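A.B. asks: Below: sequence and its predicted model.
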Amino acid sequence: MDLISSYGPLVYVLLFGYCALKSGALPLFAGFAAQTGALEVGPVAAATFLGAYLGDELRFGLVRRYGLPDLSHRPRLQRAFTTATSLVTRYGWLYVFMYRYPKGMRTIGALPMGLGPMPWPTFTLLNTASAALWTGVLVGAGYVFGAQVQTAVEGGWGLASVALLAAMALVIGLAWWRLSRSSLASAN
């Protein structure tokens, strides 16, 4: 927490940049840091929301204007994009709420939306709601449950939390694998 105190407002700028580029646990930890008093919850929530919202608006706009580069030389990225496109086709506007959560999807999530027929104002409205929900879930969970997690870890529950994290990662991984297989099967 001394590191946070030393860098002051730069911490919020870094949080903004992180949230503009990707999803992950940093907003959760920032919420916990706000609960301990090391950060202010308002600026944490604002940096998280603005980063998430503006990052996706930028990706949407760039792809809408310029399209996608050739991905044939990057098969892993091409598979992820194929999965994302399949999810857009299958779930429509609900996709905007889904792509923030699986690891690796957030970075490319808005790209298929930018190529699709959805008008930009509609995407902006959905993106605003999705970014607000994502901010509330992560920052809120860190703020509300951070003290309980810290108490549990200090009380010897560290192994249990690692086991729960592993179980959650397994469930998400299996769901992602299943979606990837179904999107590849429907593409062929």
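C.D. replies: It's in. Numbering: from 1, shown residues only.

A.B. asks: hey, let's count contacts and neighbours off CA atoms from now on
C.D. replies: Fine.

A.B. asks: and the closest residue to Thr85 other than its chain neighbours, how many neighbours?
C.D. replies: Distances taken as Cα to Cα, 6 or more residues apart in numbering put Pro112 closest to Thr85, at 5.5 Å, once the chain neighbours are dropped. Using other Cα atoms under 10 Å, Pro112 has 24 neighbouring residues.

A.B. asks: likewise Leu170?
C.D. replies: The tally of other residues near Leu170 (other Cα under 10 Å) stands at 12.

A.B. asks: measure it to Trp176 for me?
C.D. replies: For Leu170, the distance to Trp176 (Cα to Cα, to the nearest Å) stands at 10 Å.

A.B. asks: Kindly report the same for Leu138.
C.D. replies: 21 Å.

A.B. asks: Which one of those two is surrounded by more residues?
C.D. replies: Neighbours were counted for Leu138 and for Trp176 using other Cα under 10 Å; Leu138 has more, 22 against 16.

A.B. asks: doesn't Pro27 make contact with the more buried one?
C.D. replies: Yes - contact criterion Cα atoms under 8 Å: Leu138 and Pro27 qualify, at 5.8 Å.

A.B. asks: Any buried residues in the helix or strand hosting Leu62, and which?
C.D. replies: Per DSSP states H and E: Leu62 is located in helix 41-66. For helix 41-66, the neighbour count (16 or more other Cα atoms under 10 Å) marks 41, 43-57, 59-64 as buried.

A.B. asks: Check stretch 80-92 too.
C.D. replies: Buried residues in stretch 80-92, counted by 16+ other Cα under 10 Å: Ala80, Phe81, Thr82, Thr83, Ala84, Thr85, Ser86, Leu87, Val88.

A.B. asks: Likewise for stretch 24-39?
C.D. replies: Within stretch 24-39, the residues that count as buried by 16+ other Cα under 10 Å are 24, 26-35, 38-39.

A.B. asks: and the two most separated of those residues?
C.D. replies: Gly24 and Ala38 (20.1 Å; Cα to Cα).
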